[in-house]
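Participant: I'd like to go over a predicted model; first the sequence, then the structure.
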2 protein chains.
Amino acid sequence: MLDYPESFRELIKQLRRLPGIGPRSAERIALWMLQSPRARPEEFATTITRAVQHLKNCRLCGFFSEQEICLLCSDPERLGKELCVVEMATDILPLERAGAFQGRYHALGGKLSPLDGIGPEQLRIGELLQRIDAEQPSEIILALGADVEGEATAHYLAEMIAPKGIKLTRLAQGLPAGGGIEHADPITLQRALLNRRTYS
Amino acid sequence: MLDYPESFRELIKQLRRLPGIGPRSAERIALWMLQSPRARPEEFATTITRAVQHLKNCRLCGFFSEQEICLLCSDPERLGKELCVVEMATDILPLERAGAFQGRYHALGGKLSPLDGIGPEQLRIGELLQRIDAEQPSEIILALGADVEGEATAHYLAEMIAPKGIKLTRLAQGLPAGGGIEHADPITLQRALLNRRTYS
């Protein structure tokens, strides 16, 4: 039976591997790439190759960088201030965009999850402890997820960091901005009540 | 403010240009490409380049091909049978997959649409008339869309082809397979009634 030529089928196959792209979208994108005068597919291919060649993870915090050390970690203004510990490198940008923090970050590369075989050795915890000694941050903020693994990771880190005598905090848990009571789940409500603050 | 490194932002920008990809999906795909061990982005880039270099449109029917003449048009078995006229090269595969046709195809590259500046000269109508003379098909099937422009294009083609004395047909219009009366629009129902057939 007739089908698209091989190089075209191969392009559709590669597009289908992308997250969130189904068979119909893959065909649609492939057609657009090869038919639309606006598509410039060579430019797209070059951009992928360039990104793969140039991008690495910052040796200190784990964020994406084209240098060994990222812009944040090479900014002396941020040294000795708060150190914000996150799970993934992708957590850094949303926190930075929120604009409520002036220090440095440290991505662990995941969270403790014994069932998935992820223990302390699989995470960048050793590097974190070394960094704390070297950089002497004014405070360490645990910005981990509010799920079971995030909590477990926070507990573990708290035990490791306590002997260093540095102020240790964690993100507040409670109602999300714009979230009504009626849509909040029971655990969120429990925490919002437990952590309630004096009205000022 | 902190942002992703330039080569990464550039990749997100290119992904956002793809049809159906919004800003969130573009970021998600870019992260997957650069972080997932399964992503193989270099292979993806090579596939795009290869498809661009190898793919052209068949000189006769307009379908995608890696040769000057596609597999269908170089199949002598299909010569002199029906010639199926479609709007776009992308219409050929669905018809072929339906498996109800053994002849050749001819993609016009669009339909008449004077308001968009698309007249007969913008479509591959001259090539169609030449082909009819050269290949002498047993029948010409107009498989154009059931919209106003598709109808107008069919009328125009019918006038051009009539003097050649070749049997000229068009696709049936009526209820789609699996479609109930209650979901059909009035025009579809009008056509289904008008073109009703003797129950046999």
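Facilitator: Yep, it's here.

Participant: Domains in chain A, by residue range?
Facilitator: A:6-54, A:57-198 (automatic domain parsing).

Participant: Export these as a markdown table, with columns for mean neighbour count, mean pLDDT and distance to residue B:168.
Facilitator: Where C-beta positions appear, they are placed from N, C-alpha and C, glycine not excepted. Below are the domains of chain A laid out as a markdown table (neighbours: other CB atoms under 10 Å in any protein chain shown; pLDDT from 0 to 100; distance: least, CB to CB, whole Å):
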| stretch | mean neighbour count | mean pLDDT | distance to residue B:168 |
| --- | --- | --- | --- |
| domain A:6-54 | 17 | 92 | 29 |
| domain A:57-198 | 15 | 90 | 60 |
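
Participant: contacting residues for residue A:85?
Facilitator: A:105-106, A:108, A:128, A:140-144, A:157 (CB atoms under 8 Å, 6 or more residues apart in numbering or on different chains).

Participant: Give me the next element, helix or strand, following the helix or strand encompassing residue A:152.
Facilitator: Using DSSP states H and E, residue A:152 maps to helix A:148-161. Proceeding N to C from helix A:148-161, the next assigned helix or strand is strand A:167-170, under DSSP H and E.

Participant: Assign residue A:177 to helix, strand or coil.
Facilitator: coil (DSSP: H, G, I helix; E, B strand; the rest coil).

Participant: and it, backbone torsions?
Facilitator: phi -60, psi 130 (degrees, to the nearest 10).

Participant: now swap in residue A:65 and tell me
Facilitator: Torsion angles, degrees, to the nearest 10, at residue A:65: phi -160, psi 150.

Participant: Show me the beta-bridge partners of it.
Facilitator: With DSSP bridges applied, residue A:65 shows beta-bridge pairing to residue A:56.

Participant: ok, now which ones touch it?
Facilitator: If a contact means CB under 8 Å, 6+ apart, then residue A:65 has A:55-58, A:71, B:5 as its contacts.

Participant: Export these as TSV, with columns for distance to residue B:181.
Facilitator: Formatted as TSV, the contacts of residue A:65 follow (distance: CB to CB, whole Å):
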residue	distance to residue B:181
A:55	57
A:56	62
A:57	60
A:58	63
A:71	64
B:5	58
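
Participant: Sort out which one of those lies nearest residue A:112 for me.
Facilitator: residue A:57 (20.2 Å; CB to CB).

Participant: OK, contacts around the residue most central in space within chain A?
Facilitator: Central residue of chain A (CA atoms, centre = their mean): residue A:90, 2.3 Å from the mean position. Contact partners of residue A:90, counting by CB under 8 Å, 6+ apart, are residue B:31.
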